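*Asks:* got a sequence here, can you model it:
(6 chains)
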There are 4 protein chains.
Amino acid sequence: MAVAPASGTDPRERPARPPSGVVRPPGRPRDNRRDPLIIEATLAALAANGFGGLSMEAVAAAAGVGKATVYRRWPTKGALVADALATLAEPHEPHDTGSLRDDLVAVVNAVRRNNIQTLSGRIMPRLLAEKESHPDLFDTYRQQVIAPAREQVASVLRRGVAAGELKADLDIDLVTDMLVGPVSYRQYTAGSHEVTGTRISQIVDTVLGGIRAR
Amino acid sequence: MAVAPASGTDPRERPARPPSGVVRPPGRPRDNRRDPLIIEATLAALAANGFGGLSMEAVAAAAGVGKATVYRRWPTKGALVADALATLAEPHEPHDTGSLRDDLVAVVNAVRRNNIQTLSGRIMPRLLAEKESHPDLFDTYRQQVIAPAREQVASVLRRGVAAGELKADLDIDLVTDMLVGPVSYRQYTAGSHEVTGTRISQIVDTVLGGIRAR
Amino acid sequence: MAVAPASGTDPRERPARPPSGVVRPPGRPRDNRRDPLIIEATLAALAANGFGGLSMEAVAAAAGVGKATVYRRWPTKGALVADALATLAEPHEPHDTGSLRDDLVAVVNAVRRNNIQTLSGRIMPRLLAEKESHPDLFDTYRQQVIAPAREQVASVLRRGVAAGELKADLDIDLVTDMLVGPVSYRQYTAGSHEVTGTRISQIVDTVLGGIRAR
Amino acid sequence: MAVAPASGTDPRERPARPPSGVVRPPGRPRDNRRDPLIIEATLAALAANGFGGLSMEAVAAAAGVGKATVYRRWPTKGALVADALATLAEPHEPHDTGSLRDDLVAVVNAVRRNNIQTLSGRIMPRLLAEKESHPDLFDTYRQQVIAPAREQVASVLRRGVAAGELKADLDIDLVTDMLVGPVSYRQYTAGSHEVTGTRISQIVDTVLGGIRAR
DNA sequence: ACATAATCGAGACGGTACGTCCCGTCTTGTG
DNA sequence: CACAAGACGGGACGTACCGTCTCGATTATGT
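*Replies:* Prediction:
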């Protein structure tokens, strides 16, 4: 992780110097304002062309940065992309309205939105396509993006089990698949606007109640 | 579609000459044994590198054919790939054992196998990744491969409705998503061997009965 | 020597095919009309920037040829330049007017003209400057250009010795230096137009007669 | 000329402070011990790679100095090289043994030694090669190095004329060429060790006496 | 003593030139 | 006329390097 954490202040401002006593290398220090530019350009290029179609040159140009500046920070394309993917993790706030059904609808809706409106949602199919040649990249994506989203769904389900509302021996992992799977699969294979909030409610209700007559 | 239909005989054998009286263009006739070689090489290249990473040169080399031979048949890469994708359709035999649950398990298992063991299953993520730049290719794939598989599931569901075993107002399309989605999504995002036959049975049972306690 | 000898005919015309019975490699044969273009561009680049400053890319561009075409013929810059220098040899016609003095003036004038008006004369200082790093190139130049010119001077001197007009124990090599050296040195170090025909006559006369009073 | 004149003392010692009363700019004064290091490195780089191949970075590195230190003193590469060439002038002591022939041999020998054993002798071909693109540099070299050496030869010749030993209407410039030219041309084009003291004696004798039989 | 200000080595920065590699087109000789 | 083999022009990419710039540290000077 070569990327400095966001300082929370004006990004134009250079970060404060480290406390004295720290040994500093001689020469002009690296300008860390370049890092987020490069990372952003990398993610955009990844969404546009995938890993194989991503060139360091295009990243540098899009970031408005010399090629040497990129290579100075990340020696290989893989290292750059790995660091870029590591920044995709997003904080998820918990959902707890008291209604299990409403909470499930809310978290699955969050999955839906993340698939289509975010950069990471556009990156996913690219990484998926190259999973065989570069499994490590997709692993990183899974850990950073997919796993947290699933965990959010799973935590709601566990609350339902604890409250006695759901079967005590519920296979949480399986049911998570059954909530996330239809939404994601449909979105990716059928177009971005196919899955509406209404449909998600139907999915949740179906999983809760089944489809048998009476 | 420039591809000659499979003759059903030994492909090594040259097709018999048409009856005399038919006008034939002068010169050496085109050797149609080359076509399936090129199509196969195209699908393999598509699975390996996607559309963007597919080069006519690599296809020709893999097919053991000169580049000009490929270009003589298909003027562009798009035309070649479109024709190649059109050959992916596979015949599906109907499932009807009398048990709705067993039939659903069977058809979903067919989906599972098709995702991982066939060429078309390996091509899917590639086309998915390039859906934005080449939506027509993925449309072809959807019509040729995805739609028939879904239709198989849907037909079993419709039988269940007709038999009164399932709710009369069932949203067939939605439930199809709920059976196919979890399987495909899990397979593609989590690895090929994660989804077992047992798990598919659980999915079918959950969709049928729901997850509510009591 | 990968360069085909000049055919003497219209360079636009492709050379005749080799006699049948010669085995020919398959595929499109190399278009040997490209060779003289590349060689000419190489010599021009050599005169302009020397060996170190010569780039294969610039040569290809100047010749109106793809880079791969150059590398297909000559794998390295050194091989290309060596072949180019090998084409610099020019035929020298003998001088024999009956007058030793006039013949000497004529051959030294030929040296003078070759130094300033030809491509090889502009290439010489470049090779000279890089003699330490690439002695082989200058050696080639010396054999192809310098040695023949000196031999022309020497042959006239030998005729003078044989005719009894010059000292019998004359050091031909030394006197050749004394005729060629002042002209070349002056031209290269003082500018192109400093050495006139009159001056060359004076040099010849001085070498013949010396500078001592009476 | 930004170069401080040689102080004649130990160059390691910093120069004494100027007498008080002289206005001095505030801040850290420039350390003039760096200048000769940079000049030397420049001449060495010039001998090694010529003007075009000389980089300020390489000069700074060879001088053990930061790049900014070089640019603070000389704004351009041309200014640096011009100043470096201006330091090449060497003092020539007069030759006068009473024998014209011996004096000529001595001064021509001095030319010979200067061509091969000194830095300026190795720089000459580099500047010669770039005379067309940078005539000013070679002009400087000619004034600083070539002209003084020629003048030394010329002065001996003038003494010979004044003493009546040489023809009264002697073209001094021409004869200087005839003494210096063969030596320099031979050395540069044929290798460094080709011209011996014996050969120089022969050249002088030939110029003095001519080559005609009897 | 201490503030001031310019110099110093080191190295990051944007930009550029170059050789390698590869693609799609074109051009051969052969079947 | 089809076919393979491969030459051709063109372009994209990573490497290497250059001149400019910017940094912290140093070092004389003046108060």
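*Asks:* where does chain A have low pLDDT?
*Replies:* Low-confidence segments of chain A (pLDDT under 70): A:1-22, A:192, A:213-214.
*Asks:* what sits against whichever residue of it sits closest to chain C?
*Replies:* Using Cβ to the nearest Cβ, residue A:57 is the residue of chain A that sits closest to chain C, at 17.4 Å. Quick note: C-beta positions are derived from backbone N, CA and C, even for glycine. Shown in contact with residue A:57 (Cβ atoms under 8 Å, 6 or more residues apart in numbering or on different chains): residue A:67.
*Asks:* I'd assumed it was in a helix, is it?
*Replies:* Yes: the assignment for residue A:57 by DSSP: H, G, I helix; E, B strand; the rest coil puts it in a helix.
*Asks:* give me the number of residues near the residue in chain A positioned nearest to chain D?
*Replies:* Here chain A gets closest to chain D at one residue, residue A:27, 9.6 Å apart by Cβ to the nearest Cβ. Using other Cβ atoms under 10 Å in any protein chain shown, residue A:27 has 7 other residues around it.
*Asks:* for residue A:34, same thing?
*Replies:* Using other Cβ under 10 Å, residue A:34 has 17 other residues around it.
*Asks:* that one and residue A:66 touch, don't they?
*Replies:* No: between residue A:34 and residue A:66 there is no contact under Cβ atoms under 8 Å: 9.5 Å.
*Asks:* is the residue of chain A closest to chain D in a helix, a strand, or coil?
*Replies:* Following three-state DSSP, the label given to residue A:27 is coil.
*Asks:* how close does it sit to residue A:60?
*Replies:* 21 Å (Cβ to Cβ, to the nearest Å).
*Asks:* what does residue A:116 give?
*Replies:* Residue A:116 sits 29 Å away from residue A:60, going by Cβ to Cβ.
*Asks:* the two: which is more packed in?
*Replies:* Applying other Cβ under 10 Å to residue A:116 and residue A:60 shows that residue A:60 carries more neighbours, namely 19 against 15.
*Asks:* ok, now which ones touch the residue nearest the centre of chain A?
*Replies:* Closest to where the C-alpha atoms of chain A average out (Cα atoms, centre = their mean) is residue A:145, at 3.3 Å. The neighbourhood of residue A:145, defined by Cβ under 8 Å, 6+ apart, consists of A:88, A:89, A:90, A:114, A:120, A:124.
*Asks:* what's the answer for residue A:155, then?
*Replies:* Contacts for residue A:155 (Cβ under 8 Å, 6+ apart) come out as residue A:94.
*Asks:* give me the buried positions along stretch A:169-180.
*Replies:* Neighbour counts over stretch A:169-180 (16 or more other Cβ atoms under 10 Å in any protein chain shown) mark A:170, A:171, A:172, A:174, A:175, A:176, A:177, A:178, A:179, A:180 as buried.
*Asks:* can you flag which of those residues belong to helices?
*Replies:* Counting by DSSP state H, these place A:172, A:174, A:175, A:176, A:177, A:178, A:179, A:180 in helices.
*Asks:* I'd say the fourth one and residue A:153 touch.
*Replies:* When you say that, I think you mean residue A:176. Yes: the pair formed by residue A:176 and residue A:153 meets the contact definition of Cβ under 8 Å, at 4.9 Å.
*Asks:* now a PyMOL select for only the buried ones of the contacts of residue A:145.
*Replies:* Only the buried entries of the contacts of residue A:145 go into this PyMOL selection, using 16+ other Cβ under 10 Å:
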select buried, chain A and resi 88+114+120+124
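*Asks:* just put the contacts of residue A:145 in JSON lines and tack on secondary structure and distance to residue B:50.
*Replies:* Below are those laid out as JSON lines (DSSP: H, G, I helix; E, B strand; the rest coil; distance: Cβ to Cβ, whole Å):
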{"residue": "A:88", "secondary structure": "coil", "distance to residue B:50": "22"}
{"residue": "A:89", "secondary structure": "coil", "distance to residue B:50": "27"}
{"residue": "A:90", "secondary structure": "coil", "distance to residue B:50": "28"}
{"residue": "A:114", "secondary structure": "helix", "distance to residue B:50": "24"}
{"residue": "A:120", "secondary structure": "helix", "distance to residue B:50": "20"}
{"residue": "A:124", "secondary structure": "helix", "distance to residue B:50": "15"}
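*Asks:* closest to chain B out of the contacts of residue A:145?
*Replies:* residue A:124 (8.3 Å).
*Asks:* quick one, what contacts that closest one?
*Replies:* Contacts of residue A:124 by Cβ under 8 Å, 6+ apart are A:115, A:141, A:145, A:188.
*Asks:* what does residue A:78 give?
*Replies:* By Cβ under 8 Å, 6+ apart, the residues touching residue A:78 are A:134, A:136, A:137.
*Asks:* now residue A:73
*Replies:* Residue A:73 makes contact with A:2, A:30, A:34, A:35, A:38, A:80, according to Cβ under 8 Å, 6+ apart.
*Asks:* kindly report the same for residue A:54.
*Replies:* Contacts of residue A:54 were listed using Cβ under 8 Å, 6+ apart, and they are A:42, A:45, A:46, A:77, A:81.
*Asks:* doesn't residue A:59 make contact with the second one?
*Replies:* When you say that, I think you mean residue A:45. Yes: contact criterion Cβ under 8 Å: residue A:45 and residue A:59 qualify, at 5.5 Å.
*Asks:* hmm, back to that, can you list the ones in helices among the buried residues of stretch A:169-180 in TSV and add distance to residue D:158?
*Replies:* Below are these laid out as TSV (distance: Cβ to Cβ, whole Å):
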residue	distance to residue D:158
A:172	110
A:174	111
A:175	112
A:176	106
A:177	106
A:178	110
A:179	108
A:180	103
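*Asks:* just the closest of these to residue B:212, please.
*Replies:* Ranked by distance to residue B:212 (Cβ to Cβ), those are led by residue A:175 at 11.4 Å.
*Asks:* now the closest one: how far from DNA strand E?
*Replies:* The gap separating residue A:175 from DNA strand E is 45 Å, by Cβ to the nearest atom of the strand, to the nearest Å.
*Asks:* what does residue A:174 give?
*Replies:* Going from residue A:174 to DNA strand E by Cβ to the nearest atom of the strand gives 43 Å.
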